[in-house]
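Colleague: Structural data only, the sequence is not supplied:
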């Protein structure tokens, strides 16, 4: 299982630009659609856990899926596969970028990659919102949080804490109404 998880995450890490969120559609295609290691609901729960835990979402998802599929060996294979391509690519870029960063072709490549990265991040967000049955009311939460951080310069920690407290309050009220 080590090699299977290593190879899966190595392919994903090698062919993804834009970081962990851009990896999500590829991870989903491999672990849910292709290999059936997780179902859609487990994948959404894994993403929620991976986002909530400190660290990189790609590594956190590799830990979750690696453990679920292959225990400690699975974790090692998935993490190594997820991290190795980025490490090698960043190492190569760091060695060459200082010499090439002023070249117009290099600047053009980076400008061209930006819209693709935005699309790679937006696509899984839309898919997850549909699968999680996001309504207009629940969409208000991330929009309000983003606006508070962006326009009002509210510390994200306070936004997270406020969201947790509000959610706990809403759930408590809903539970009392049921009783």
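Modeller: Looks like it came in fine. Everything numeric in this text was worked out from a predicted model, so none of it was measured.
Colleague: helix, strand or coil for residue 36?
Modeller: Remark: residue 36 carries the secondary structure label coil [criterion: DSSP: H, G, I helix; E, B strand; the rest coil].
Colleague: Sticking with the residue nearest to residue 148 when sequence neighbours are not counted, tell me its helix or strand.
Modeller: Leaving aside its sequence neighbours, residue 148 sits nearest to residue 154 (Cβ to Cβ, 6 or more residues apart in numbering; 4.3 Å). Just so you know, the C-beta spots here come from the backbone N, C-alpha and C atoms, and that holds for glycine as well. Element membership for residue 154, per DSSP states H and E: none, as it lies in no helix or strand.
Colleague: again, but for the one 4 residues further on
Modeller: Residue 158 is part of helix 156-178, with elements assigned from DSSP H and E.
Colleague: could you give the mean pLDDT of that helix?
Modeller: Averaged over helix 156-178, pLDDT sits at 89.
Colleague: sorry, back to before: so what's the backbone phi/psi at the residue nearest to residue 148?
Modeller: phi -80, psi 140 (degrees, to the nearest 10).
Colleague: That one: neighbour count?
Modeller: 14 (other Cβ atoms under 10 Å).
Colleague: and the residue most central in space within the chain, helix, strand or coil?
Modeller: The centre of the chain sits closest to residue 21, judged by Cα atoms, centre = their mean, with a distance of 3.4 Å. For residue 21, the assignment made with three-state DSSP gives helix.
Colleague: Am I right that it is in contact with residue 124?
Modeller: Yes: taking contacts as Cβ atoms under 8 Å, residue 21 lies within contact range of residue 124: 6.8 Å.
Colleague: Find the least confident helix or strand in the chain, judged by mean pLDDT.
Modeller: The weakest-scoring helix or strand in the chain, judged by mean pLDDT, DSSP states H and E, is helix 104-131 (a mean of 80).
Colleague: Give me the residues contacting the helix or strand that that one is followed by.
Modeller: Remark: after helix 104-131, the chain's next helix or strand is helix 136-151, criterion DSSP H and E. Residues outside helix 136-151 that contact it (Cβ atoms under 8 Å, 6 or more residues apart in numbering): 129, 154-156, 159, 163.
Colleague: relative orientation of the longest helix that the chain contains and helix 104-131 in degrees?
Modeller: Ranked by number of residues, the top helix in the chain under DSSP state H is helix 57-100. Counting by axes from the mean of the first three to the mean of the last three Cα atoms, to 10 degrees, helix 57-100 lies at 170 degrees to helix 104-131.
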